[in-house]
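S.K.: Next come a sequence and a model predicted from it.
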Protein chains: 2
Amino acid sequence: MIKVTAVNYVKEGCVDEFLAISKELVEKTNALDKGCIRYELCRDVNDPLRFIMMEEWEDQPSLDAHMKASHFTENVPKFGNLTSKPSELTLLDKVF
Amino acid sequence: MIKVTAVNYVKEGCVDEFLAISKELVEKTNALDKGCIRYELCRDVNDPLRFIMMEEWEDQPSLDAHMKASHFTENVPKFGNLTSKPSELTLLDKVF
């Protein structure tokens, strides 16, 4: 199992558009992507422009396939105009 | 439901001690703390000195009680000598 966190810093005034794109991404990923254990968007309680996608995948090939799916390749590039800096992506292993 | 991520940057040479303390904290939290949905330690695949505690709690009172439990108050302060900077704590709400 592999975990991913993807931190996005959304520009002021762009939250609604960011959420609309993220909603489609989250719904299609959960519905369609093989090996997806968890894929959800969370919001920083103390920084409402900071969003974190929390992900869990069965294995690396499942994550690789997700990043080639059309709902990923068509939606994620749209985040570029809506965010104030690049996504911070972290791959994580569970220790215990 | 409330989520927490706590990022810890462990000093080189201190990982074994950090893990021993964390293991007790994770085990006792999962075994004893009411309202604990998930409490697990993860390690950054690309930065083996960066550890993230991934937490989910039923509500804020459960999280507050956890931070008063002896396994928290006795173990977490020990991290201070083992880490290179303060923990980065984030409270998160699930959006979808």
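M.R.: Noted; the coordinates are in hand.
S.K.: could I get the strand or helix carrying A:Ala31 in PDB with only the CA atoms?
M.R.: Using DSSP states H and E, A:Ala31 maps to helix A:15-32. Coordinates of each C-alpha in helix A:15-32 appear next as PDB, following Å, rounded to 0.1, in the frame of the first residue of the first chain:
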ATOM      1  CA  VAL A  15     -11.800  28.300  -4.500                       C
ATOM      2  CA  ASP A  16     -15.200  27.600  -6.100                       C
ATOM      3  CA  GLU A  17     -13.500  26.700  -9.400                       C
ATOM      4  CA  PHE A  18     -10.900  24.600  -7.600                       C
ATOM      5  CA  LEU A  19     -13.600  22.800  -5.700                       C
ATOM      6  CA  ALA A  20     -15.700  22.100  -8.900                       C
ATOM      7  CA  ILE A  21     -12.700  20.500 -10.600                       C
ATOM      8  CA  SER A  22     -11.700  18.600  -7.500                       C
ATOM      9  CA  LYS A  23     -15.200  17.200  -7.000                       C
ATOM     10  CA  GLU A  24     -15.200  15.600 -10.500                       C
ATOM     11  CA  LEU A  25     -11.700  14.300  -9.900                       C
ATOM     12  CA  VAL A  26     -12.500  12.800  -6.500                       C
ATOM     13  CA  GLU A  27     -15.800  11.300  -7.700                       C
ATOM     14  CA  LYS A  28     -14.400   9.700 -10.900                       C
ATOM     15  CA  THR A  29     -11.200   8.500  -9.100                       C
ATOM     16  CA  ASN A  30     -13.300   6.700  -6.400                       C
ATOM     17  CA  ALA A  31     -15.700   5.300  -8.900                       C
ATOM     18  CA  LEU A  32     -13.300   4.200 -11.700                       C
END
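S.K.: what's the closest non-adjacent residue to the residue most central in space within chain A?
M.R.: Among the residues of chain A, the one closest to the centroid is A:Met53, at 3.9 Å (Cα atoms, centre = their mean). Of all residues not flanking A:Met53 in the chain, A:Ala6 sits nearest, at 4.2 Å (Cβ to Cβ, 6 or more residues apart in numbering or on different chains). Every C-beta, even on glycine, is put in place using the N, C-alpha and C of the backbone.
S.K.: Kindly report the same for A:Glu27.
M.R.: B:Phe96 (7.8 Å).
S.K.: distance of the closest residue to A:Tyr39 other than its chain neighbours from chain B?
M.R.: Ranked by Cβ to Cβ, 6+ apart and with sequence neighbours excluded, the top spatial neighbour of A:Tyr39 is A:Thr29, at 4.6 Å. Applying Cβ to the nearest Cβ, to the nearest Å, the value for A:Thr29 to chain B is 11 Å.
S.K.: count of neighbours near A:Thr29?
M.R.: Burial of A:Thr29 is recorded as 20 neighbouring residues (other Cβ atoms under 10 Å in any protein chain shown).
S.K.: same deal with A:Asp16?
M.R.: 10.
S.K.: what does the one 10 residues further on give?
M.R.: Using other Cβ under 10 Å, A:Val26 has 19 other residues around it.
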